[in-house]
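Colleague: What follows is a protein structure lacking sequence information:
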């Protein structure tokens, strides 16, 4: 991709035989260091005897985290080369991680698709914002100490090298900001950004914690969906938009990857193609990774899965155990593509993941993973999720099979929801039921139950952002047992 291989260390970067590339990496290393040290003031040089824990005791050596420079080559969602970058991060080991310190909310793909559908149906403006150095705007929630990164002496001369209060070259630093890589930085940034949104009049959705909205009137409102440091912003009217951008640019800074208020072309790997009467989403840049991960193209990939796939067959001479490259890598890319913008292959991707998750890896399973990957690649241009103007009414469809999982005899089910007709789905699921049922009727009712959960969540979310559903949600099923059974009292119990 682009012929650029990211180096693993500053020493390797500065020994690159290509003078232009060597100069570029040096500039990126210097820019990242001065951004961290001078612009954000994220690192304070300290001597070893200054490093004290919360109890005032000298910190132990294993409590001091290392730092390192990471090198990255970034690409547009179309797969074209974007830019090179470096980032200085802490490298804490996972044994130090504690659950309450690590996690922060991530946006639901359903919410992304709902907002994209609404931009088309109600002619809303939309754009994406990417924070530059997002975590570094937040203070740390605890005292952390870091070692100087290897190779720092290669990019700084003696006058530029940081010094402690005793005028020595700094070997250790105290984190003054939520440095990338520290176990609590993600949570610290989320709390900082959530407080900022709340202070500026935004309300948090009770369905998706990453969606915030502010309504001045029906014709002047802003909805923000946050995913770490990426923001999808949609709304209507000028006043709320200008007020938001004035406050945002005063307190934050846009990344070079952010197109600003005139850019509505990509978000978290999804390519957005907005036209006058519709909007397409796809992820060609992600799909382009599949050929290298999946292996050679098979003789036939005209459908996601072949009819005689043989994945359920035991290990034998014709279906030996699979010992090739890790299938989780191509399958992970397939799952992202399927769950974000390719409902046509969602069931195939989830179904194959059950074999990989159980460790039931045979030649037939590997063949079908390869076939599905290449089916996605060959249909990249023709199969895109399309949203058109709609009537704003939430609708749902569901279906289920009966005991068709060969190992557990559980039933597969699926459902999808749309806002309007003749438009793309806003949510879809394909899953294996958690329990074994005794009849087709029960399998269909279980699918209806899961579909109803999702419909309730969508109705509440739509009501929060101003699109109430006054009437019942039409839900379609091809099983009369569901149509007749929903009125049976035992089902409601």
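Modeller: Now that the structure is in, tell me what you want to look at. Predicted, not measured: the structure shown is a model, and the values here were computed from it. Numbers count the residues shown, from 1 in each chain.
Colleague: Touching, residue 229 and residue 130? I think so.
Modeller: Yes. Between residue 229 and residue 130 there is a contact under C-beta atoms under 8 Å: 6.3 Å. Placement of C-beta: from N, CA and C, glycine included.
Colleague: Show me the common contact partners of those two, please.
Modeller: residue 255 (C-beta atoms under 8 Å, 6 or more residues apart in numbering).
Colleague: Run through the stretch 1-150 of the chain and note the low-pLDDT ranges.
Modeller: For the stretch 1-150 of the chain, the stretches with pLDDT under 70 are 1-3, 77-79, 92-103.
Colleague: Go again with 80.
Modeller: Residue ranges of the stretch 1-150 of the chain with pLDDT under 80: 1-4, 53-55, 61-62, 75-82, 92-105.
Colleague: for the protein, what's the longest helix?
Modeller: Once the chain is assigned using DSSP state H, the helix that runs over the most residues is helix 440-464.
Colleague: How far off centre is whichever helix or strand comes after that helix?
Modeller: Downstream of helix 440-464, the next assigned helix or strand under DSSP states H and E is strand 475-477. Strand 475-477 sits 30 Å away from the centroid of its parent chain (C-alpha atoms, centre = their mean, to the nearest Å).
Colleague: Show me what strand 475-477 is packed against.
Modeller: strand 394-400, helix 440-464 (3 or more C-beta pairs under 8 Å, 6 or more residues apart in numbering; DSSP states H and E).
Colleague: Output the contacting helices and strands for the last one.
Modeller: Identification of packing neighbours for helix 440-464 by 3+ C-beta pairs under 8 Å, 6+ apart yields helix 109-121, strand 211-217, strand 394-400, strand 412-419, strand 425-432, strand 475-477, helix 480-485.
Colleague: In contact with residue 52, which residues?
Modeller: 58, 59, 143.
Colleague: Equivalent analysis for residue 370, please.
Modeller: 294, 295, 296, 298, 330.
Colleague: any chance of the helices and strands packed on helix 440-464 in TSV, plus mean neighbour count and distance to residue 66?
Modeller: Conversion of the helices and strands packed on helix 440-464 to TSV gives the following (neighbours: other C-beta atoms under 10 Å; distance: least, C-beta to C-beta, whole Å):
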stretch	mean neighbour count	distance to residue 66
helix 109-121	23	35
strand 211-217	19	36
strand 394-400	22	51
strand 412-419	23	46
strand 425-432	21	41
strand 475-477	18	54
helix 480-485	15	57
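Colleague: and residue 245, which of those is closest to it?
Modeller: Judged by C-beta to C-beta, the one of the helices and strands packed on helix 440-464 that comes nearest to residue 245 is strand 211-217, at 13.1 Å.
Colleague: Look up how far residue 136 lies from residue 175.
Modeller: When distance is defined by C-beta to C-beta, to the nearest Å, residue 175 is 10 Å away from residue 136.
Colleague: Give the residues shared as contacts by the two.
Modeller: Common contact partners of residue 175 and residue 136 (C-beta under 8 Å, 6+ apart): residue 42.
Colleague: Write the PyMOL selection for whichever of the contacts of residue 370 are buried.
Modeller: The buried subset of those, as determined by 16 or more other C-beta atoms under 10 Å, is captured in PyMOL by this line:
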select buried, resi 294+295+330
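Colleague: quick check, nearest of the contacts of residue 370 to residue 64?
Modeller: Closest to residue 64, out of all of these and judged by C-beta to C-beta, is residue 330, at 38.7 Å.
Colleague: Would you mind getting the angle between the longest helix of the chain and strand 412-419?
Modeller: Here helix 440-464 runs at an angle of 30 degrees relative to strand 412-419 (axes from the mean of the first three to the mean of the last three C-alpha atoms, to 10 degrees).
Colleague: Determine how far helix 440-464 lies from the middle of the whole chain.
Modeller: Distance, stretch centre to chain centre, for helix 440-464: 24 Å (C-alpha atoms, centre = their mean).
Colleague: between that helix and strand 394-400, how big is the angle?
Modeller: Using the same axes, to 10 degrees: helix 440-464 against strand 394-400 is 160 degrees.
Colleague: quick one on the thing from earlier: give me the buried entries from the contacts of residue 52.
Modeller: residue 59.
Colleague: As a markdown table, the contacts of residue 52 with secondary structure and distance to residue 351 would be great.
Modeller: Below are the contacts of residue 52 laid out as a markdown table (DSSP: H, G, I helix; E, B strand; the rest coil; distance: C-beta to C-beta, whole Å):
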| residue | secondary structure | distance to residue 351 |
| --- | --- | --- |
| 58 | strand | 56 |
| 59 | coil | 50 |
| 143 | coil | 49 |
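Colleague: Turn the contacts of residue 52 into CSV, including distance to residue 196.
Modeller: CSV is the format used below for those (distance: C-beta to C-beta, whole Å):
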residue, distance to residue 196
58, 36
59, 32
143, 23
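Colleague: rewinding a little: winner for burial among the helices and strands packed on strand 475-477?
Modeller: Ranked by mean neighbour count, these are led by strand 394-400 with a mean of 22 (mean count of other C-beta atoms under 10 Å).
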